[in-house]
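**Student:** Whatever this is, show me its structure:
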Amino acid sequence: MSRRALITFAAVLLAAAALPQAQSARPAAAAARGQAPVKDAASFSAMTTAVLVDVVVRGRDGKPVTDLGARDFELREDDVVQEVGSFTRVSRGAGIGVNVGVRDPNPPTVVTPPSGPPPADPSAQPSEDDYPSVTALVFDALSAEAVGMCQKAALEYLPMTGSTATRVGVFATEPFVRPLQLYTDNPALVRSAVRRIAPAGTESKEQQRELLNALRDRRDQLETMAIQAGGAQQGGAAAAAGASAIGAVDVQQALIRGQMRMLQAFDTMDRDQRGFSSTKSLFVILQSLTDMPGRKTLIFFSEGLPASPALQAHLRSVVEAANRSNITVYAIDAAGLRAISANADTRRELEEAGKERIRQLNAVGNYTEEPMIRAVEKAEDLLRFDSQGGLAQLAEDTGGFLVRDTNDLRHAFQRIDEDQRFHYLLTYSPKNQRFDGTFRRISVKVARPGTQVFARNGYRALRFAPTVPVLDYEAPALAALDAARLANGFPYQTAVLNFPEPQRPGLSPLLVRLKTDVLTYEQDPAKNTYDAQATVVVRIRDGEGRIVHKMSQQYQLTGRLPEMSSAKQGEILFFRTPELPPGLYTVESVVFDAIGARSSTRVSTLEVPSRTRKLQMSSVVCVNRVERVTAEAKDAANPLYVGDMLLYPNGGEPFSRTGQKELTFFYTIYPGATEAPLTANVELQRNGHVLVKLPVELAKPDAQGRIQQVGRLPLAPLAPGTYQLHVVVGDGGSTLERTAYFQVAS
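**Tutor:** Numbering: from 1, shown residues only. Coordinates of the predicted model:
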């Protein structure tokens, strides 16, 4: 908008402000006020949640125990004894045998299934044991030797012909998750899929480890040489020669350190990349099993699943996804019998961590070796891998077991087959009916000496089963989002926009802004520190209510007590740019104050138009502030840049007439294929009445063909209240309209 238009706008507003406003008491829409609608509590039907626990019991001889009754089990949740509801003893014939389910004739209670009220005749309804079992064979990134061993074991496990009582699917995770065979009871199709598993072509981990250990040994030799050269009593020419030798040793030591840092950096990057890829693939495959009835099993062939601190949250989300769907995971260490044992690796890493600490304590001047924490983290990773590592955690926490240090997998598959054929199904209604997102630990004991019990270790208390991975820090926030009523514990602002860029027509920037003074701060006078923690989660649902996108971030505010007042004057900005297919979406956001256990939620709608060559237009953005950005720092993919200026959207907070002289608004026009001239006008409305309507002088298209239009509106003439900016753009053949709401405070 030109300066002349701005002056005209102000003059018209002054005249309009003097006119009486009809229906001024009419409340604006909740979306215009930035308030969240309240979910109708009546829309949630009253029901009792049943938790299903799949239990395998083995005796001293390792064989399944199949004669237990409901009274033989003690089931606890968070150490509180629960009443066992329905109880089923499952005993299936081998191969294509008939499934047999033996129910307790006198179960202690009847548990209402989560899907609604019980049927009129429960005995006539099929239960879990009435269905064939389902198994997913998942092959991770494997070396050629590991592929051969795993293929042989799987093919020996599968029958040659006929059909099976188990439906089997085959999946590969490298380079991305691929279904080689969807679930079928035809063993010929499954065997064919298993034969198509290909090696990942990755470098041998043992070779990398041998090279790293060789470098460490050489470093130890050089350190010994340096000590000997420095301690010798020399003079004259001998002293000069000794100094030269020490210098040569220093150069070699520097080269060794550089090579070691490179190897360790590659190893860390590779571990994290493989871990993220594997956990994401596992979650997708677990989702394919979620809605299937019957005993559900996932057999994971892998040469190692990293359990580093960076991956722990993702690994736990996979475990919880399996436990929510009652899926038992069996992990096969496909590396088999290693030339170097995991115990030897662990011992070497711990020794190196101790040596590293001594080097740091004895270092004079600037010690340039990598931080001590990296050595400790690597040792911790190996400790986890050796006893409670990624594969062990994945299997044991879901009621399965880890097969390791063997090249003969026949016995392992026999045990897996026995678990599928002989197990118990227990349900209970939790005494704790709060869906607060916390993890509830389950423990199962049997009143028979010498038995070993295998069952999942717990579940996440969420009202609805998530269809996307849930990280630990997200769970309390999601529980608040799925509560019967949306919370409003403190203020925060959101903005959800659409910019149909030619190459990204579904680009939908969203912003969450939170003032840090609304958070709860925990103070520790003894340590002279403060701590606050906030979690932001945004969830997007499509027109059918399915979750299609989830984004989150955890923010930790920590510092010294004298700095706390300054920390409370900041703000948290959560910004993401998801790309969505055309359609109407519901955008749900929640901010969770972890220390104060409070939350606030907002719900808004977003429409993503279909891709077309016709005229397109973005959302109208009311700008909160503008920041100049250097060319190096500019993000070309962010549509909120105009030249070297970054525009921060307003999230619903009022504009102050005293603090801000004018309101800046912004939108982008994407001209269509037609060459007809574009026209545009902007209207200022209040309570359905047009206060001002003026034509807009459009800017010239940029290098991408976009017209980025910036306008300004004087605030001084406006009375406090809610207003609408209505922009209309046309090209003679089509007309587009966009509206933005904003509030003016005194």
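
**Student:** C-alpha only now, for contacts and for neighbours.
**Tutor:** Will do.

**Student:** quick one, strands of the stretch 101-250 of the chain?
**Tutor:** Secondary structure of the stretch 101-250 of the chain (DSSP state E, counting those that start in this stretch): strands located at 133-139, 166-172, 178-184.

**Student:** May I have the strands that pair with the first one, each with its orientation?
**Tutor:** According to DSSP bridges, the neighbouring strands of strand 133-139, each with its direction, are strand 166-172 (parallel), strand 296-302 (parallel).

**Student:** could I get it in PDB with only the CA atoms?
**Tutor:** As requested, C-alpha coordinates have been extracted for strand 133-139 and formatted as PDB (Å, rounded to 0.1, in the frame of the first residue of the first chain):
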ATOM      1  CA  SER A 133      -1.600 -65.300  15.000                       C
ATOM      2  CA  VAL A 134       0.300 -62.700  13.000                       C
ATOM      3  CA  THR A 135       4.100 -62.400  12.600                       C
ATOM      4  CA  ALA A 136       6.200 -59.700  11.000                       C
ATOM      5  CA  LEU A 137       9.700 -60.700   9.900                       C
ATOM      6  CA  VAL A 138      11.700 -57.500   9.800                       C
ATOM      7  CA  PHE A 139      15.200 -57.400   8.300                       C
END
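
**Student:** what about it, distance to the chain center?
**Tutor:** Mean-position distance between strand 133-139 and its chain equals 24 Å (C-alpha atoms, centre = their mean, to the nearest Å).

**Student:** what does stretch 412-431 give?
**Tutor:** The gap between where stretch 412-431 is centred and where its chain is centred comes out at 29 Å by C-alpha atoms, centre = their mean.

**Student:** Tell me the buried residues in that stretch?
**Tutor:** Along stretch 412-431, these residues count as buried under the neighbour rule (16 or more other C-alpha atoms under 10 Å): 412-413, 416, 418-430.

**Student:** Quick one: closest of the strands of the stretch 101-250 of the chain to Arg611.
**Tutor:** Distances from Arg611 to each of the strands of the stretch 101-250 of the chain were compared using C-alpha to C-alpha; the shortest belongs to strand 178-184, at 29.1 Å.

**Student:** picking up where we left off before, want to try CSV for the strands of the stretch 101-250 of the chain, with mean pLDDT and distance to His314 as columns?
**Tutor:** Below are those laid out as CSV (pLDDT from 0 to 100; distance: least, C-alpha to C-alpha, whole Å):
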stretch, mean pLDDT, distance to His314
strand 133-139, 91, 18
strand 166-172, 90, 19
strand 178-184, 90, 20
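
**Student:** Quick one: closest of those to Leu255.
**Tutor:** Across those, the minimum distance to Leu255, taken as C-alpha to C-alpha, is reached by strand 133-139, at 38.9 Å.

**Student:** got the residue ranges for the strands in the stretch 601-746 of the chain?
**Tutor:** For the stretch 601-746 of the chain, the strands defined by DSSP E, counting those that start in this stretch occupy 616-617, 621-628, 641-642, 645-649, 655-656, 662-670, 679-686, 689-695, 707-714, 721-730, 735-745.

**Student:** Compare these and report which one is nearest to Gln312.
**Tutor:** Closest of the strands of the stretch 601-746 of the chain to Gln312 is strand 645-649, at 34.4 Å (criterion: C-alpha to C-alpha).

**Student:** re the thing from before, got the strands of the stretch 101-250 of the chain as CSV, with distance to Ser618 and mean neighbour count columns?
**Tutor:** Putting the strands of the stretch 101-250 of the chain into CSV (distance: least, C-alpha to C-alpha, whole Å; neighbours: other C-alpha atoms under 10 Å) gives the following:
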stretch, distance to Ser618, mean neighbour count
strand 133-139, 44, 24
strand 166-172, 41, 24
strand 178-184, 37, 17
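
**Student:** what would those strands look like in a markdown table with distance to Phe464?
**Tutor:** Rendered in a markdown table, the data for the strands of the stretch 101-250 of the chain read as follows (distance: least, C-alpha to C-alpha, whole Å):
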| stretch | distance to Phe464 |
| --- | --- |
| strand 133-139 | 23 |
| strand 166-172 | 27 |
| strand 178-184 | 26 |
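
**Student:** For Arg89, which of those strands is the nearest?
**Tutor:** Proximity to Arg89 (C-alpha to C-alpha) singles out strand 133-139 among these, at 14.6 Å.

**Student:** where does Leu289 fall, phi/psi-wise?
**Tutor:** Torsion angles at Leu289 (phi, psi; degrees, to the nearest 10) stand at phi -100, psi -10.

**Student:** Do you know the pLDDT at it?
**Tutor:** What the model reports for Leu289 is a pLDDT of 88.

**Student:** What's the per-residue pLDDT of the residue nearest to it when sequence neighbours are not counted here?
**Tutor:** By the measure of C-alpha to C-alpha, 6 or more residues apart in numbering, the closest residue to Leu289 outside its immediate chain neighbours is Lys296, 7.0 Å from it. Per-residue confidence (pLDDT) for Lys296: 90.

**Student:** Kindly report the same for Asp79.
**Tutor:** As summarised for this prediction, Asp79 has a pLDDT of 94.

**Student:** That one and Gly458: what is the separation?
**Tutor:** With distances taken as C-alpha to C-alpha, to the nearest Å, Asp79 is found 11 Å from Gly458.

**Student:** Between the two, which has more neighbouring residues?
**Tutor:** Neighbours around Asp79 and Gly458, counted as other C-alpha atoms under 10 Å, are more numerous at Gly458. The numbers are 21 against 11.

**Student:** The chain: helices as residue ranges?
**Tutor:** Listed in chain order, the helices of the chain (DSSP state H) span residues 3-17, 30-33, 144-157, 187-195, 205-231, 237-290, 309-324, 342-362, 372-383, 390-396, 410-421, 475-481, 564-567.

**Student:** Could you tell me the least trusted of those?
**Tutor:** For those, the stretch scoring lowest in mean pLDDT is helix 30-33; its value is a mean of 33.

**Student:** No further questions, thank you.
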